[in-house]
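Q: Okay, predicted coordinates and the sequence, questions at the end:
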Amino acid sequence: MKILLIHKFHYMLGGTETFHYNLAEALTAAGHEVIFFSMYDKRNIPCAQDKYFVSNVDYNDPNLSTFKKIKMGIKLIYSFESKHNIEKLIRDEKPDIAHIGLLHRQITFSVVDVLKKYNIPVVMHLHELTAVCPCYTMLRQDGTICSDCATKGYWNCVKNKCMKGSLAKSVLAYTEAQFLRYGHYYDKIDLYIAECNFYKNLVEKAHFTHSPIIKMNNFLPINQEYKAYYEHDNYILYFGRYAREKGVLTILKAYAKMHCDEKLVLVGKGSEEERIKKFVKEHNLEGRVQVNGAIFGEEMDRIIERAKVVLVPSEWYENGAFVALQALAKGKIVVASDIAGLSEIVQDGETGYLAEPGNPDSFAIAIQKALNLTETEYRNMSARIVAYAKKRCDAENYIEKLCKIYEELINGKQHKENG
């Protein structure tokens, strides 16, 4: 099969991009041809289809004139450039199926019209919740979880200025949401894939599409090593974005309450970095907490392998949580928030421990449980975790199941076309 992967970022940015490239690599290894459609960026990974990519769109550029903001606002909802460029790609490459990651606002659903025109089946991954929440995080400006748009209508996005506290941006997000819903764009997708039951159930209850939604666990790379690293350097690890919804301050507050010998190591980057450093200094934790910038590749692998416990303290509706999966594949005990997809990944007391999101006391108790394990208990749990991770995250099994879905959709389209 020739598979067209559509995703608005073509460089490593976060967990969604990790999935995107893992998918491309695994499909290629299984003997399929993968082509890409994305947005131009100087950080992009080179590929043969980059001549079709759309121009870069940055809605946060402070230097934009009012005219350009209005023009970009229209493009945010429906990009004719994307529509034109993907049609050229389809004519040249003739893909069998399209698999969409993220396209809202930079690429837009205009590409779906072209895919339908050429009778190409479309699968879309539910990496985020833009369909039920125009600001996609389901978070208010104060960081509290909100489901008003899912239950009471999209206007709540404007009412609460959910898009970065901006009325103008919130109006644009609301307009896009209304355009997509009442233009029945979500019904033009043939199949949705959710990475956790929480997302699947939430989206189904919102009734934004009549198309089927299935749940498939996230997978890890085809070359993923599943091995229990029992030896550790006696530190607790957080790695990921330094963002409010990631709960880093919660684990700092929890750690400040604890009297343990283990150090806390933080690895990442993001908007909360200065607040994190300020908290560490104000609470005299400089000798116990190590705050690092972003680290990648083999160096990051070594840091995970030498950790005693890994923390995933998210305070929003986390989805597939690659951070947790990476740690589990190395036999690491994960202490995570009992929320959304994390509750499905971490089995409390079996493959890690769950804590109440945003509650430092709850996290302190859960972390202490992990630290109190005897060496034998730690090794037994670590071995159990690796076996669980391999069964849950195996790439070959995932791709085999996914390709059967692709084939069914392709055959269904051909049958309708011939009929």
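A: Arrived safely, thanks for sending.
Q: This protein - how does it break down into domains?
A: 2-219+395-418, 235-393 (automatic domain parsing).
Q: Could you identify which of the ones you listed is most buried?
A: domain 235-393 (a mean of 19; mean count of other Cβ atoms under 10 Å). (Glycine included, C-beta is placed from N, CA and C.)
Q: what's the closest non-adjacent residue to Arg275?
A: Leu249 (6.7 Å; Cβ to Cβ, 6 or more residues apart in numbering).
Q: Ignore what I typed, I meant Arg288.
A: Nearest one to Arg288, counting by Cβ to Cβ, 6+ apart, is Lys263 at 5.7 Å.
Q: pLDDT at that neighbour, what is it?
A: We have a pLDDT of 97 for Lys263.
Q: Is it bridged to anything, and to what?
A: On the basis of DSSP bridges, Lys263 is bridged to Tyr235.
Q: quick one, what contacts it?
A: Lys263 makes contact with 234-236, 288-290 under the criterion Cβ atoms under 8 Å, 6 or more residues apart in numbering.
Q: which one of those sits closest to Glu377?
A: Asn234 (16.3 Å; Cβ to Cβ).
Q: how many other residues sit next to the closest one?
A: 12 (other Cβ atoms under 10 Å).
Q: Need the phi and psi values for the spatially closest residue to it that is not a sequence neighbour.
A: Once flanking residues are discounted, Asn234 sits nearest to Glu262: 5.2 Å by Cβ to Cβ, 6+ apart. As for Glu262, its main-chain torsions (degrees, to the nearest 10) stand at phi -70, psi 140.
Q: same question, the one 4 residues further on
A: Listed backbone geometry of Leu266 is phi -110, psi 130, with angles given as degrees, to the nearest 10.
Q: what are the ranges of the strands in the stretch 51-200 of the chain?
A: 97-100, 122-126, 191-194 (DSSP state E, counting those that start in this stretch).
Q: and those strands as CSV, adding distance to Ser38 and mean pLDDT?
A: Converted to CSV, the strands of the stretch 51-200 of the chain look like this (distance: least, Cβ to Cβ, whole Å; pLDDT from 0 to 100):
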stretch, distance to Ser38, mean pLDDT
strand 97-100, 11, 98
strand 122-126, 15, 97
strand 191-194, 19, 97
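Q: returning to that earlier point: among the domains of the chain, which comes closest to Lys227?
A: Comparing the domains of the chain by Cβ to Cβ, domain 235-393 comes nearest, at 6.6 Å.
Q: next one: that closest one to chain centre, how far?
A: Distance of domain 235-393 from the chain centroid (Cα atoms, centre = their mean, to the nearest Å) equals 17 Å.
Q: Repeat that for stretch 46-56.
A: With Cα atoms, centre = their mean, you get 23 Å for stretch 46-56.
Q: and that stretch, how far apart are its ends?
A: Stretch 46-56 has an end-to-end distance of 15 Å (criterion: Cα to Cα, to the nearest Å).
Q: Please work out the average pLDDT along that stretch.
A: Mean predicted lDDT for stretch 46-56 stands at 95.
Q: do stretch 319-338 as well
A: Stretch 319-338 comes out at a mean pLDDT of 95.
Q: hang on, the earlier thing: same list as before, the domains of the chain that is, but in TSV and with distance to Tyr229 included.
A: Output for the domains of the chain, formatted as TSV (distance: least, Cβ to Cβ, whole Å):
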stretch	distance to Tyr229
domain 2-219+395-418	20
domain 235-393	4
